[in-house]
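Engineer: sequence and predicted structure below; questions after.
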Amino acid sequence: MECLKHSKKIFKSDEVINMMTEVLSKGELNARAEMLLMGHVIQVTDEVNQKYIVDYVSRVLANVGNSEPIKSDEIWERAFEFISNKEKTKVIGLSLNTIMNEMVVLTLIFKDTGEIFDIEDPNGVFCYCYNYTYPDCSELGYCFFEQDKSTHKLHRIG
């Protein structure tokens with residue numbers, strides 16, 4: 001299972017981000033969903049697998065009372081609503097975190113095909129943040145990620 005611990009190695013290579021279909025078992029997808037729920041930034045480049053993971057997370061959050069049930073297709077529709085070139089811009093990673101001790105936010109990390117990508121870019125990474133707690137506060141914009149020096153865990157810092 002790959003979480004984005006070694007961000008430079010994983011995210012800088014275009015050969016890794018070639019948008020090929022990943023062949024993952026249901027167990028591997030469930031494990032990645034659990035990693036996401038634990039706050040890890042995960043790399044998943046296949047849309048079917050991404051949506052499976054997001055649906056898993058959405059069901060868990062609805063069951064614990066953190067949100068209303070929502071399907072991944074609806075999140076994707078909102079995320080791509082204002083993106084002009086939907087063929088070029090793809091989701092390559094996911095992050096889940098809590099903001100201000102109450103808002104649970106799913107971050108879809110975007111990459112344009114053919115562009116150089118660095119998850120720790122000081123100018124930010126283009127993302128869509130779906131706010132499970134307050135869906136009206138969801139937004140499209142730039143997020144910032146940082147790797148913890150002691151644990152090597154990548155996390156969203158802004």
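Structural biologist: That came through, no problem. Nothing here was measured: the structure is a model prediction, and the numbers come from that model. Numbering: from 1, shown residues only.
Engineer: need the phi and psi values for the residue nearest the centre of the chain.
Structural biologist: Per CA atoms, centre = their mean, the C-alpha nearest to the average position across the chain is that of L94, at 1.4 Å. The phi and psi values for L94, taken as degrees, to the nearest 10, are phi -140, psi 150.
Engineer: so what sits opposite it in the bridge?
Structural biologist: I42, L108 (DSSP bridges).
Engineer: do the one 4 residues further on as well
Structural biologist: With DSSP bridges as the criterion, T98 is bridged to V104.
Engineer: wait, isn't it in contact with V105?
Structural biologist: Yes: look at T98 against V105 with CB atoms under 8 Å: they come within range, at 7.4 Å. Every C-beta, even on glycine, is put in place using the N, C-alpha and C of the backbone.
Engineer: with neighbour numbers in mind, choose between the two.
Structural biologist: V105 (20 against 13; other CB atoms under 10 Å).
Engineer: for stretch 52-64, what is the average pLDDT?
Structural biologist: Averaged across stretch 52-64, the pLDDT comes to 93.
Engineer: meant to ask about stretch 33-43
Structural biologist: 91.
Engineer: ranges for the helices of this structure?
Structural biologist: 7-11, 26-37, 47-63, 72-79 (DSSP state H).
Engineer: output those helices as a markdown table; include the columns mean neighbour count and distance to F145.
Structural biologist: Output for the helices of the chain, formatted as a markdown table (neighbours: other CB atoms under 10 Å; distance: least, CB to CB, whole Å):
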| stretch | mean neighbour count | distance to F145 |
| --- | --- | --- |
| helix 7-11 | 17 | 7 |
| helix 26-37 | 17 | 14 |
| helix 47-63 | 18 | 18 |
| helix 72-79 | 17 | 18 |
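Engineer: quick one: which of these is nearest K149?
Structural biologist: helix 7-11 (12.7 Å; CB to CB).
Engineer: mind listing what V91 touches?
Structural biologist: Neighbouring residues of V91 by CB atoms under 8 Å, 6 or more residues apart in numbering: 44, 47, 50, 76, 79, 108-110.
Engineer: so what pLDDT did it get?
Structural biologist: 94.
Engineer: also the one 3 residues further on?
Structural biologist: With respect to pLDDT, L94 has a value of 95.
Engineer: and the gap between it and D118?
Structural biologist: Note on L94: its distance to D118, by CB to CB, to the nearest Å, is 18 Å.
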